[in-house]
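Asks: Could you look at this predicted model? Sequence included:
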Amino acid sequence: MTQTHVPVIAIHGGAGTISAATTSAEQAQAYHDALKAIVAAAQAMLLKGASALDAACLAVEMLEDCPLFNAGHGAVFTHDETHELDAAVMDGTTLAAGAVAGVCHIRRPVRAARAVLEDGAHVLLAGAGAEVFARERGLEMVEPSFFSTEARRQQLYRVRDTGRVVVDHEGASMAAASPLDEDKKFGTVGAVAFDMHGHLAAATSTGGMTNKRVGRIGDSPLIGAGTYADDRTAAVSCTGSGEMFIRVAAAYDVCARMAYGGATLEAATHAVVQKSLPAIGGSGGLIAVDRHGNLSLAFNSEGMYRGHARGNDAPITAIFA
Ligand code: ASP
C-alpha cells in the first residue's frame, strides 16, 4: 500500500499595491469568496485522490475564468492594444513541463500548456504555432476581443504615454472595487499543489504587463523563472515584474537553494523574494509548497491575492500582509 499524504493547495491572483480607492468590506469580500471557492474546488479534487497536476490546472483554469482576476478575460493590453497571453504547467514527478507564450485565440491558455506537456515533444510553443497546436488538440478558441475589457483599455491609455511597462503612476483606479490598485497590480494567476501520493505540481497563467511591447514574453511561461516543480524539493508559481524574475531564475532558485544548500522552503523563498529580487528592483511574490507539504506565500509588494487549504481544513484567503 502506498503511503498517503495530507494534500495541500495554494493559489495566487497576482501581487501589487494597495488600492488608493477605498475598498469596502463587501468589495474585498468578493475577492475572498472567489479565492475560497477556487481553493475549495481544487481541495475537493485532491481529497478524492486527484493528482497535484490536475488540481493545479483546475485552479488556474478557474482563475482564468474568474473576471476578478485578469489572466483570461480582462487580460491587460500590449502597447499596440492587443493581447498576448502566456501560461505554463510543470509536473514535479517527471519534470515534464508545457507552456505557451504570446497567444491570443486560446480561451484557456493553461489547458494549452497542459496539452504541450502531455504531447511531450516540446516544452514551449509560441504565437501562431501554439495556436495551431491548440486547435489541433480541440481546445476552445476565441476572438482576441474575448479577452478585452473597457477598463483594461483605459488602463493602457493612461500608461501608454508615460512609456512605462512596469506601471508606476498615479492614474485613477480603474476599478474602485479592487483591493489592489489595478494600475499597479501584476495580473498573473497561479497554483501549486501537493497530492495524497506525495507529488508536486505548479501552474501559472497571465496576460503579462500593461503596455508591454508586442512579442515580449515574461517569466510565467518560462520553466524555472515563473513556474517550477520538482518532487525532490518544491512547486513554485510566481507573480511580479517578470524581467527580474527571469534574471534571477526565481522559481528554480527556490528549489536549488533547497536542493544544494539544504535551505527550508521558508528560508529559500525569503532569500529569493526579499533579497535576490529587490536587489535588482524586482517586485511581486510567489506561492510554493514543498515535498513535506509546507507552504510559503511570500511577497515584497503590499499585497498578493492568495488562498490555501491543507487536508480537510477550511480554505484560508488573504490579500494584504
Ligand atoms: N509576471 C508577469 C509577467 O511579467 C506579470 C504578472 O505577474 O502579473 O508577465
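Replies: Perfect, thanks for sending it.
Asks: which one is Gly276 nearest to, not counting chain neighbours?
Replies: Check again: residue 276 is Ser, not Gly. Distances taken as C-beta to C-beta, 6 or more residues apart in numbering put Val248 closest to Ser276, at 4.5 Å, once the chain neighbours are dropped. Using the backbone N, CA and C atoms, a C-beta is placed for each residue, glycine as well.
Asks: repeat for Ser301
Replies: Ala15 (4.4 Å).
Asks: One more: Ala75?
Replies: The nearest residue in space to Ala75 (C-beta to C-beta, 6+ apart) is Gly207, at 2.8 Å.
Asks: if we can go back for a sec, could you tell me which residues make contact with the residue nearest to Ser301?
Replies: By C-beta atoms under 8 Å, 6 or more residues apart in numbering, the contact set of Ala15 is 180, 185-186, 239-240, 283-285, 299, 301, 303-305.
Asks: try it again with 10 Å
Replies: For Ala15, the contacting residues are 180, 184-188, 238-241, 273, 283-286, 298-306, by C-beta atoms under 10 Å, 6 or more residues apart in numbering.
Asks: So which of those are in strands?
Replies: With strands taken from DSSP state E, the overlap with these comprises 180, 184-185, 238-240, 284-286, 298-299, 303-306.
Asks: Which one of those sits in the busiest neighbourhood?
Replies: Cys238 (37 neighbours; other C-beta atoms under 10 Å).
Asks: That one and Thr162, how far apart?
Replies: To Thr162, Cys238 is 25 Å away according to C-beta to C-beta, to the nearest Å.
Asks: Backbone dihedrals for the residue nearest to Ser301, please?
Replies: Dihedral pair for Ala15: phi -110, psi 160, per degrees, to the nearest 10.
Asks: again with Tyr157
Replies: phi -60, psi -40.
Asks: isn't it right next to His79, touching?
Replies: No. Using C-beta atoms under 10 Å, Tyr157 is not in contact with His79, being 11.3 Å away.
Asks: overlap in contacts of these two?
Replies: By C-beta under 10 Å, 6+ apart, the residues touching both Tyr157 and His79 are Asn211.
Asks: If the residue nearest to Ser301 is in a bridge, with which residues?
Replies: Met304 (DSSP bridges).
Asks: just to revisit the earlier point, would you mind trimming the contacts of Ala15 to those in range of the ligand?
Replies: 186-188, 239-240, 284 (C-beta under 6 Å from any ligand atom).
Asks: Appreciated, that's everything.
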